[in-house]
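# Got a predicted model here, sequence first, then my questions.
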Amino acid sequence: MLLSKGVLVALLTVFAGALILALVGLVIYRAVDEIRFLRRQRLLDRYRPLVDALLTASELTGTLAELVATNIRHRTIVSDVLLAVARLQTADAVPRLRAAAAALGLIEHWTVSLDHRSWWVRAEGVRALGLMREAAAVPALLRALDDAHAEVRAAAADALGRVADPTVGPALLARLRDESRYQRARLVEAIRAQGPPIMPALLAHARTDRANAAMTLEVIGLIGDTSAIGELLDWSSDVDPAVRAAALRALGSIGLDDRSFYYALRGLDDADGDVRAMAARALGRSGRRDAVPYLAAHLDDQWLVAAHCATGLRRLGREGAAALQARAASPGQGAELAKQMLWEISFLKDAA
């Protein structure tokens, strides 16, 4: 049945009224949102100088007293300012910011938030404690590594990297095995961020966790601390070829000295192809021209070994190029690799 003209007009009137109300509501919402934004900006401008003063004041008592006296309703704003400043500071400047956060009760607040039912609240608490490099929070941050939400686990890895506590190394290493739950790059970076002080813990972990010794040795190489060279040389003679390869890879990443250069030469004749490949990689990165004939002799080895040898020869300047030129004159895999490396040398020269 067709609607009467009166009913249709009434429906259109109601619809138009609803539309006008929606538009008015949107305008009011935008206006309120703008007012909130401007108010927040005013508060940020008000408290930022106080936080900046923490980094320059000769003594903190007065500045801390001012911050503690701030309106309790503005603590969220002060927290945001502290964290924003902490993101831009080196580790040396953070203790002053941490002292302010503790005085304001923010350290306790962030610690408590790690048990919040909402994952984003937990993640923010983890990030805040990491930015403040709160050493006392390390046990809680380690628990956050096993949080049900991936974002919280990722934030915990980043936070532990900032806190720089060498004792966390084994816990981070243990989780490298589970790539379905953890982002390997974040965990490795967190370990690297600890620097040389973590080395004893990593070496001890390699000795006690034989099943994952190869993985641990690779991470040790990424840190690049020369104090590990002695033990890496021992590992390069291990019965497990994966461990020998990892040790030589780590030595190549750290850099070869006279003693480790000899071990790399020995590894180049290992029965295992992966070990020979990592030995070739180490020799190619060594910068030593006396490695040239040894690398050139393996250009017809297994592909990975030969590829590392060819790349190493390309790195080793005039002597390496001469060896590649000589090999390019004969047929075979080595010749093809040599021609490729010579082309890359020529291309790089032209580009320069």
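It's in. Residues are numbered from 1 along each chain as shown.

# hey, let's count contacts and neighbours off CA atoms from now on
Noted.

# and residue 181, how many residues sit next to it?
17 (other Cα atoms under 10 Å).

# Three-state assignment for it, please.
Counting by DSSP: H, G, I helix; E, B strand; the rest coil, the backbone at residue 181 sits in coil.

# Show me the shaky parts of the stretch 251-352 of the chain.
347-352 (pLDDT under 70).

# in it, which spans are helices?
258-267, 273-285, 292-296, 303-315, 317-328, 333-351 (DSSP state H, counting those that start in this stretch).

# looking at the ones you listed, which is closest to residue 186?
Residue 186 lies closest to helix 273-285 among the helices of the stretch 251-352 of the chain, at 24.5 Å (Cα to Cα).

# phi, psi of residue 213?
Dihedral pair for residue 213: phi -60, psi -40, per degrees, to the nearest 10.

# What score does it have for pLDDT?
Residue 213 is assigned a pLDDT of 91 by the prediction.

# again, but for residue 241
96.

# for this structure, longest helix please?
Scanning the chain for the longest helix, with DSSP state H as the assignment, gives helix 5-56.

# Mind giving me the packing neighbours of that helix?
In this structure, helix 5-56 makes packing contacts with helix 61-68, helix 75-87, helix 94-103, judged by 3 or more Cα pairs under 8 Å, 6 or more residues apart in numbering; DSSP states H and E.

# how does it look with 7 Å?
Packing partners of helix 5-56 (3 or more Cα pairs under 7 Å, 6 or more residues apart in numbering; DSSP states H and E): helix 75-87, helix 94-103.

# for these, which one ends up most surrounded?
Highest mean neighbour count of the helices and strands packed on helix 5-56: helix 94-103, a mean of 20 (counted as mean count of other Cα atoms under 10 Å).

# can you list contacts of it?
Helix 94-103 is contacted by residues 54, 55, 64, 68, 82, 86, 107, 132 when judged by Cα atoms under 7 Å, 6 or more residues apart in numbering.

# one step back: gap between the longest helix of the chain and the chain center?
Centroid separation for helix 5-56 versus its chain: 39 Å, with Cα atoms, centre = their mean, to the nearest Å.

# which of the residues in stretch 196-216 are buried?
Of all the residues in stretch 196-216, those buried under the rule 16 or more other Cα atoms under 10 Å are 196, 198, 199, 202, 203, 205, 206, 212, 213, 214, 215, 216.

# Pull out the buried members of the contacts of helix 94-103.
Among the contacts of helix 94-103, the ones that count as buried (16+ other Cα under 10 Å) are 54, 55, 64, 68, 82, 86, 107, 132.

# Pick out the lowest-pLDDT one from those residues.
Among the buried ones among the contacts of helix 94-103, residue 64 has the lowest pLDDT, at 71.

# Nearest to residue 10 among the helices and strands packed on helix 5-56 would be which one?
helix 75-87 (49.6 Å).

# Check which helices and strands that closest one sits against.
With contacts taken as 3+ Cα pairs under 7 Å, 6+ apart, helix 75-87 sits against helix 5-56, helix 119-131.

# Highest mean neighbour count out of the ones you listed?
helix 119-131 (a mean of 23).

# Now do it: which elements does it pack against?
Contacting helix 119-131 under the criterion 3+ Cα pairs under 7 Å, 6+ apart are the following elements: helix 75-87, helix 106-113, helix 150-163.

# following the longest one, which helix or strand comes up?
Heading C-terminal from helix 150-163, the first helix or strand you meet, by DSSP states H and E, is helix 169-176.

# now for the helix or strand following that following helix, which elements pack on it?
Downstream of helix 169-176, the next assigned helix or strand under DSSP H and E is helix 184-193. Applying 3+ Cα pairs under 7 Å, 6+ apart, one finds that helix 184-193 contacts helix 150-163, helix 169-176, helix 213-223.

# Mind putting the ones you listed into CSV with distance to residue 192?
Output for these, formatted as CSV (distance: least, Cα to Cα, whole Å):
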stretch, distance to residue 192
helix 150-163, 8
helix 169-176, 9
helix 213-223, 5
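
# any idea what sits nearest residue 135, other than its immediate chain neighbours?
Spatial nearest neighbour of residue 135, chain neighbours left out: residue 163 (6.1 Å); criterion: Cα to Cα, 6 or more residues apart in numbering.

# Next: residue 175.
Once flanking residues are discounted, residue 175 sits nearest to residue 182: 7.0 Å by Cα to Cα, 6+ apart.

# Would you quantify the distance from the one you found to residue 148?
Using Cα to Cα, to the nearest Å, residue 182 is found at 11 Å from residue 148.

# Same question for residue 340.
49 Å.

# For the stretch 1-150 of the chain, give me the ranges with low pLDDT.
Residues of the stretch 1-150 of the chain that meet the cut-off, pLDDT under 70, sit at 1-3, 7, 33, 37, 39-40, 43, 57-63, 71.

# circling back: which of the helices and strands packed on helix 184-193 has the lowest mean pLDDT?
Looking at those, the weakest mean confidence is helix 169-176, a mean of 84.

# centre of the chain versus that one, how much separation?
14 Å.

# What is that helix packed up against?
Against helix 169-176 (3+ Cα pairs under 7 Å, 6+ apart) you get helix 184-193, helix 199-208.
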